[in-house]
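Participant: Quick one, structure for this:
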Amino acid sequence: MGDDVSGRAAGPGVDVFGSNLSVAELRRRTGDLSAVAGIRQVVLDNGVERGVRAIDLRTSAGLELEVLVDRAFDLGSMRFRGAPIGWRSGNGFRHPGLHEHNDEGGLSWLRALDGLLVSGGLDHTLFGGEVDATRYNYPPKQTVTHGLHGRLTAIPARLLEAREVEREGRVVLRVVGEVIQATAFGEHLRLTRTIELDFDGREVRFDDVVDNLGFDPTPHMFLYHINVGWPFLDEGARFVAPITKHLWQSDSVAEQGTSYRVMPAPIDGFVEQVTEHELVVGDDGRHRVALITAGGERGIELSWEAAGMPHFFEWQNLRSGQYGIGLEPSTHHVSGDAASRQDGTALFLGHGESRSYSTTIRVLDGVAETSAVEAAIRAIGDQPD
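Facilitator: Numbers count the residues shown, from 1 in each chain. Got it, this is the predicted structure:
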């Protein structure tokens with residue numbers, strides 16, 4: 001039985017443990033679809049995670065995903081047939097009440113960095129600093145100070161929907177949440193995030209809409225820190241992308257000389273390496289990259305609409321005990337907030353204006369599938385050595 005591009009069985013109905021059944025046929029065999037796949041709401045209840053609401057989604061293909069409602073509706077753990085995919089830093093999914101936005105010179109965001117997806121924004125991403133705030137017409141607030149990747153990470157979401165949806169004879173697991181980032185005399189931005197998994201699928205689709213509920217033109221910056229850990233990241237794993245050139249690299253790239261293409265085993269004391277790649281856009285208007293294990297047994301493909309997030313960073317944190325790689329679509333160049341205001345590339349949303357983002361994370365299973373994805377990316381463009 002062949003798979004389509006979503007990683008689910010081709011044809012009508014749902015694929016359940018080797019059998020293709022209509023939804024009606026499946027319901028004849030179980031009184032509760034959650035026996036096979038479904039959605040469960042939980043509350044984490046120990047340590048720094050205590051009190052964090054989460055949603056567990058599970059497909060019949062063996063994909064498990066954790067949505068962290070109280071962590072900006074970001075994605076925590078993800079596993080495929082028991083193998084972890086989302087990177088774990090050791091921080092845990094800290095309760096937002098523990099977040100320290102301005103501590104450690106604005107780098108305290110690093111204490112909240114954990115899991116498959118940590119979103120940056122909504123009015124600031126990249127390194128922190130002080131920027132003009134006179135547009136808000138509040139004399140005591142002439143500037144605003146930002147920490148690394150902004151305030152979004154520590155804002156709880158409002159859960160709007162969590163249910164199974166039937167579409168044309170198929171079942172989709174769907175959750176929707178909204179996050180409001182607001183202050184008096186400042187920004188009033190809303191993120192509405194819709195996450196969907198096919199009942200029998202191996203991909204995560206999330207669509208985001210950011211709109212301005214306020215009446216002042218408001219800066220908007222947005223970034224996805226999509227983090228993959230062992231065993232999808234391991235010695236010999238290949239980063240595959242259609243790259244024309246490197247727009248920027250951290251000093252550590254030249255100092256350490258670690259390849260951005262082929263990953264080493266964990267290294268004691270490794271200094272993070274960051275590269276901004278200029279990617280070629282596919283004919284479908286999407287950027288597409290992949291991380292594939294040395295033997296091609298498994299991998300992850302990431303694709304997103306290039307118009308919304310034209311920039312992309314590769315974050316290599318190959319340090320022992322924190323071994324991970326970050327794939328980071330971004331609205332802005334790595335030079336950040338102040339530079340974008342100076343060169344005219346800054347984004348501002350007026351009242352009622354919005355921007356939309358569409359992203360897919362797909363689990364690749366087997367050499368045939370990873371080879372096909374690598375060939376498809378190579379058809380878009382090659383990459384430098």
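
Participant: burial measure for the closest residue to residue 340 other than its chain neighbours, as a count.
Facilitator: Excluding the flanking residues, the one nearest residue 340 by CB to CB, 6 or more residues apart in numbering is residue 346, at 4.1 Å. To be clear about C-beta, it is placed using only N, CA and C from the backbone, and glycine gets the same treatment. Residue 346: 17 surrounding residues under other CB atoms under 10 Å.

Participant: now swap in residue 167 and tell me
Facilitator: 10.

Participant: and it, what are its phi and psi?
Facilitator: phi -140, psi 120 (degrees, to the nearest 10).

Participant: Report pLDDT for it.
Facilitator: Note on residue 167: pLDDT of 87.

Participant: Quickly list what it is bridged to.
Facilitator: Residue 167 has these beta-bridge partners by DSSP bridges: residue 170.

Participant: ok, it to residue 202 distance?
Facilitator: Distance, residue 167 to residue 202, using CB to CB, to the nearest Å: 18 Å.

Participant: So residue 126 sits against residue 120, correct?
Facilitator: Yes: contact criterion CB atoms under 8 Å: residue 126 and residue 120 qualify, at 7.5 Å.

Participant: Contacts only, for the residue nearest to residue 340.
Facilitator: By CB atoms under 8 Å, 6 or more residues apart in numbering, the residues touching residue 346 are 219, 337, 340.

Participant: Show me the helices in the chain, by range?
Facilitator: Secondary structure of the chain by DSSP state H: the helices cover 23-29, 251-256, 337-343, 367-380.

Participant: still on that earlier bit, now the contacts of residue 346 in CSV, with pLDDT?
Facilitator: Shown next, in CSV, are the contacts of residue 346 (pLDDT from 0 to 100):
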residue, pLDDT
219, 97
337, 93
340, 95
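
Participant: between those, which is closest to residue 87?
Facilitator: Among the contacts of residue 346, residue 337 lies closest to residue 87 (CB to CB), at 25.7 Å.

Participant: The closest one: how many residues sit nearby?
Facilitator: A count of neighbours around residue 337, defined by other CB under 10 Å, yields 22.

Participant: follow-up on the earlier one: export the helices of the chain to JSON lines and tack on distance to residue 352?
Facilitator: What follows is these, written out as JSON lines (distance: least, CB to CB, whole Å):
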{"stretch": "helix 23-29", "distance to residue 352": "39"}
{"stretch": "helix 251-256", "distance to residue 352": "42"}
{"stretch": "helix 337-343", "distance to residue 352": "23"}
{"stretch": "helix 367-380", "distance to residue 352": "36"}
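
Participant: Which one of those helices lies nearest to residue 225?
Facilitator: Among those, helix 337-343 comes nearest to residue 225, with 16.6 Å by CB to CB.
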